[in-house]
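Participant: just need the structure, nothing else, for what follows:
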Amino acid sequence: MYNVVGVKFDNSNRLYFFDINNLEIKRNEKVIVETEKGLQFGMVSTEIRKVEEKDIAYPLKKILRMATKEDIKQNLVNKEQSEKALEDAKRQATKLGLDMHFIGAAFTFDKNQLIFNFVADERVDFRELAKKLAAIYKTRIELRQIGVRDKAKEVGGIGPCGLFLCCNTFLTDFDSVSINMAKNQYIALNPTKINGICGRLLCCLKYEDDQYTEMKKNYPEVGIYIKKDNISGKVISHNLFKKTYTVECSDKTLVELQVEENESN
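Facilitator: From the prediction side, this is the model:
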């Protein structure tokens, strides 16, 4: 068994799990952790969890120490310098005629790496830009082209529901969302209704999809012809909340039938 906690970083809303390394750690405490990109400053966002070895995604990195006052000050300095680096990157990209829109920049805590995120309509040859930025900041430069969903996650905004974007507030990963989920929930296939501000299908289409699938198990499929209680016709709609479905008879009359337990197609 491993004792782990979830940690979030300033430039990401995603949870990353780390071995607590026998430290006494509480939620909302600041820590210095070891990552593949170097040392990072983060905040503990979960309570300690016990995880079996078979459930560990290797390699499991460790929390190195609790953040000191000096670490917190250094992190603030890094954030200020990252903002300046972002402006420098924008200017250099404009000079080189590169069509790229920068979203953010961040130093690792130990400043061994400077990471830029950007979006672009096509692949960008940023090798010359990386050289210029490396000459300025004397550190390793990473330029990451991200997708429109990642952009929405980092920038944030208001969704069509009137609330802050799920991806920017509590979602830690993007699940697969399909048009079939909208169909399964009887949602009109209007792009303005089913697409988020990123232009992709709404993440929330997945939230209730399993419940709709479960509720529809006892319903005859829309479009099939049935015969029941001296009524025959085509099933044209479901009403999951009333637990009924509507049948159009050959004389065009509409009949609403109650769903019975374990009714099948």
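Participant: and the lowest-mean-pLDDT helix or strand in the chain, what does it pack onto?
Facilitator: Here the helix or strand of the chain ranked lowest by mean pLDDT, DSSP states H and E is helix 148-155, holding a mean of 81. Using 3 or more Cβ pairs under 8 Å, 6 or more residues apart in numbering; DSSP states H and E as the contact criterion, the elements in contact with helix 148-155 are strand 101-107, strand 113-119, helix 166-169. For the C-beta atoms, the positions are set from N, CA and C on the backbone; glycine is no exception.
Participant: indicate which one of the ones you listed is closest to residue 14.
Facilitator: In terms of Cβ to Cβ, the element of these nearest to residue 14 is helix 166-169, at 10.1 Å.
Participant: next, the buried residues of the closest one.
Facilitator: 166, 167, 168 (16 or more other Cβ atoms under 10 Å).
Participant: from residue 145, how far off is the last one?
Facilitator: Meaning residue 168. Applying Cβ to Cβ, to the nearest Å, the value for residue 168 to residue 145 is 20 Å.
Participant: ditto for the first one
Facilitator: Counting by Cβ to Cβ, the separation of residue 166 from residue 145 is 23 Å.
Participant: for residue 88, same thing?
Facilitator: Computed as Cβ to Cβ, the residue 88 to residue 145 distance reads 19 Å.
Participant: equivalent analysis for residue 155, please.
Facilitator: Distance from residue 155 to residue 145, by Cβ to Cβ: 15 Å.
Participant: kindly report the same for residue 189.
Facilitator: To residue 145, residue 189 is 30 Å away according to Cβ to Cβ.
Participant: more neighbours: these two, which one.
Facilitator: Just comparing residue 189 and residue 145: by other Cβ atoms under 10 Å the higher neighbour count belongs to residue 145, 15 against 9.
Participant: low-scoring stretches of the stretch 51-200 of the chain, by residue?
Facilitator: 57-58 (pLDDT under 70).
Participant: one more time with 50, if that's ok
Facilitator: The model of the stretch 51-200 of the chain has no residue with pLDDT under 50.
Participant: for it, what spans make up the helices?
Facilitator: 69-95, 127-137, 148-155, 166-169, 179-184, 191-194 (DSSP state H, counting those that start in this stretch).
Participant: ok, which of these comes nearest residue 45?
Facilitator: That would be helix 166-169 among the helices of the stretch 51-200 of the chain, by Cβ to Cβ, at 12.8 Å.
Participant: which elements pack onto that closest one?
Facilitator: Packing contacts for helix 166-169, counted by 3+ Cβ pairs under 8 Å, 6+ apart, involve helix 148-155.
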